Structures are given as structure tokens and as C-alpha cells.
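S.K.: sequence unknown, structure follows:
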């Protein structure tokens, strides 16, 4: 158990809908990262927050947005869903902002499996 | 174009043998390289990190090498066990930026009794 929690575990919805995925980082971790994992794309970095502020952006679509709240939990909002958005969405956390280079270990949650029908 | 390549086909080995997984990259200059293990339906778990100026890193039965000239990392599991069966992901961390991990597609390892 990494200490990172994600809810819900599974989510089934229809095209065009909007969903919110939630992540609670490990106790004391200030950085939260979101990743998307699909069969054809592998694990793709979406976005990082550190202590409430956006720090880095990856291949995140404009239909997707995220935020980190004062209690450090984070939410990933996915709107106007398409079939291709079906994937596993992982949240990871680390104690530092990641500016120390690649020595910061990221701890991954169990993921949310999103199915868009 | 930038690429990270891991053996796309599953690696099948006998228990007790050494498993060797490969991670090749092109058009990247990583400062660090990390290896993760992922079990089906679960999140990746960090295993080892190696810096660009390190040739080799060990942790128990695991060994990682990093050759920046060949642009390749090798991941070894010695005395493999069926419990080592999983998908192994390599991830690059680029220099000069935040801790954004760029993952390979992973190699599935199956260790047979």
C-alpha cells in the first residue's frame, strides 16, 4: 500500500459527460501528479501540482483540468468525454516539488478505471 | 523523434534464472532513469533509480546499468521467482526540469516454476 488513495476505483459513463477523479496524497507529500494509462499509449504524464500550484504540464487535453486543494488532495476533471478517454488514471505523490531532478520517488495510487461508453 | 523502447513481447524465463530487461531511448538526454514494477490493475511501484554518472546500481536481487553512450539501461533480476512476474517500466527524467517521468511501454516478465 503506497499511502496514496484514489476514488472511485471504477467509473462508467457515457460520451459527452463530465467526471471528477479524486486523489489523496501520502501524508506529508506536497506534490501530486496525474497520469493516464491506456493500452495503446502507455503511461502518460498529464499534470503536476505542488502545494496548490500547477508546476508542470504534460499531454493534458484542454477538456481536462485539475486542481489541488488546501488540504492537498487533488481532483482531475474530465469533460466532454470521448470513447478514447477510456483508460486507467493514476495519481502519484512525492514529498518535494521535483526540482531536485529525478531523485524524487513518486508513489502511485491504485488508479481509477474510466470506461466511456 | 523521441522514443523510449522496451521489449514489447513478454519475457518468459525459468525460476532461478536471471531476467534481463532492456530500455533503449533516442533523442533524449536523461539525467536519471528509474525502474518501476506494475502488477495488473495496480499502480507502478518504484524499484531503483540510477543517475547519468552512475554505471551500475544494485538492490538485493536487482541490478540496473545505465550506458549514456549506447542510450540504454539494462535491468536484471537474479535468482528470479514466480513472484517477480509483473510488467517492468523504465522511466526517464530529463535534466533541467521538474520531476516529469517519461515512461516506456513496459516489458511483461513471466517467471515459470
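M.R.: Sure, I can see it. Predicted, not measured: the structure shown is a model, and the values here were computed from it. Numbers count the residues shown, from 1 in each chain, chains lettered A, B, ... in the order given.

S.K.: so where's chain B shaky on pLDDT?
M.R.: Residue ranges of chain B with pLDDT under 70: B:95-99.

S.K.: Spell out, range by range, the strands that occur in chain B.
M.R.: Per DSSP state E, chain B carries strands over the ranges B:3-6, B:11-14, B:19-26, B:30-38, B:45-51, B:56-59, B:62-67, B:72-77, B:86-94, B:101-103, B:107-112.

S.K.: Then chain A?
M.R.: All strands of chain A, identified by DSSP E, fall at A:5-7, A:10-13, A:19-24, A:31-38, A:42-50, A:53-57, A:64-68, A:74-78, A:87-94, A:107-108, A:112-116.

S.K.: out of those, nearest to residue B:70?
M.R.: Checking these against residue B:70 by CB to CB gives strand A:42-50 as the closest, at 22.3 Å. Every residue, glycine included, has its C-beta placed from N, CA and C.

S.K.: what is the residue positioned nearest the centre of chain A paired to in the beta sheet?
M.R.: Centre of chain A computed as the mean C-alpha position; nearest residue by CA atoms, centre = their mean is residue A:34, 2.6 Å away. When assigned by DSSP bridges, residue A:34 has beta-bridge partners residue A:47, residue A:91.

S.K.: Relative to residue A:64, how far out is it?
M.R.: 9 Å (CB to CB, to the nearest Å).

S.K.: what sits in contact with each of the two?
M.R.: Common neighbours of residue A:34 and residue A:64 (criterion: CB atoms under 8 Å, 6 or more residues apart in numbering or on different chains): A:46, A:76.

S.K.: returning to what we had before: in this structure the residue nearest to the centre of chain A contacts residue A:68, no?
M.R.: No. Taking contacts as CB atoms under 8 Å, residue A:34 lies outside contact range of residue A:68: 10.2 Å.

S.K.: shared neighbours of these two, anything?
M.R.: residue A:74.

S.K.: mind listing what's buried in stretch A:35-48?
M.R.: For stretch A:35-48, the neighbour count (16 or more other CB atoms under 10 Å in any protein chain shown) marks A:35, A:36, A:37, A:42, A:43, A:44, A:45, A:46, A:47, A:48 as buried.
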